[in-house]
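K.L.:
Sequence first, then the predicted structure:
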Amino acid sequence: TMGPHCRESQVSTRVRNIDMLRGIAILGVMQLHAFRHTGAYEFLGRIKSAINSGGTLIRPEEIDECLLRHPAVSEAVTVGLKDDDFEEIAISAVVLSAEATEAALADHCRSGLEKLKVPKRIIPIAAIPRGDAGKPNLNALREVLGEAISGSIAHPGSEHGSLEQDVIGLAALVFRADPG
């Protein structure tokens, strides 16, 4: 560990990159750490799982922790999906133990996260796909979420019947509002 017991020379040889304005360090095996006023580094997560959304570094664990504070959410996992405009966007999968709308979950996230870190979509699913070790299978989850998102976007001439209805439906989806 890299606590206050480490000498300055030990710390500096292990630090690859430091953003002193935010107190974030990338150490050793591509891990994110926060430098605390006590002189210790707190583990934040792995670079591999971080989401780069329009230049903003988003830790999925931060979003998951926020969603899990909502009383209707029993499980939450956030992944980054490729996006043409932002490189990646944060999409969260949640397993609900009670009724909750995507709009209510997004409002909850807005109250506990920075504006740019609120997931672009929050998709309820029956169960988080897991691997043999019980950890979330992020690749399988990306596929499930990608299919859920592509299936929820209305296209002109769809069953809604008119372009106006399609636009209203798409705006409701984007702004997480009731189209009625």
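P.N.:
It's in. None of the values given here were measured: they were computed from a predicted structure.

K.L.:
pretty sure residue 111 is in a helix, no?
P.N.:
Yes - with DSSP: H, G, I helix; E, B strand; the rest coil as the criterion, residue 111 is part of a helix.

K.L.:
quick one, what contacts it?
P.N.:
For residue 111, no contacting residues are found, by C-beta atoms under 8 Å, 6 or more residues apart in numbering. Every C-beta, even on glycine, is put in place using the N, C-alpha and C of the backbone.

K.L.:
Before we move on, what's the pLDDT of it?
P.N.:
Residue 111 is assigned a pLDDT of 96 by the prediction.

K.L.:
Distance of it relative to residue 96?
P.N.:
Residue 111 sits 18 Å away from residue 96, going by C-beta to C-beta, to the nearest Å.

K.L.:
same deal with residue 144?
P.N.:
15 Å.

K.L.:
higher neighbour count, these two?
P.N.:
residue 144 (19 against 16; other C-beta atoms under 10 Å).

K.L.:
would that one count as being in a strand?
P.N.:
No - assignment of residue 144 by three-state DSSP gives helix, placing it outside any strand.

K.L.:
immediately after whatever helix or strand residue 140 lives in, which helix or strand?
P.N.:
Residue 140 is part of helix 138-152 when elements are defined by DSSP states H and E. Going down the chain from helix 138-152, the next helix or strand is helix 163-175, by DSSP H and E.

K.L.:
Next up, phi/psi of residue 131, please.
P.N.:
Main-chain torsions, residue 131, degrees, to the nearest 10: phi -90, psi -170.

K.L.:
Which stretches in this protein count as helices?
P.N.:
8-14, 60-68, 102-112, 138-152, 163-175 (DSSP state H).

K.L.:
give me phi/psi at residue 38?
P.N.:
phi -80, psi -10.

K.L.:
Now for the chain, the helix or strand with the poorest mean pLDDT.
P.N.:
When the helices and strands of the chain are scored by mean pLDDT, DSSP states H and E, helix 8-14 comes last with a mean of 40.
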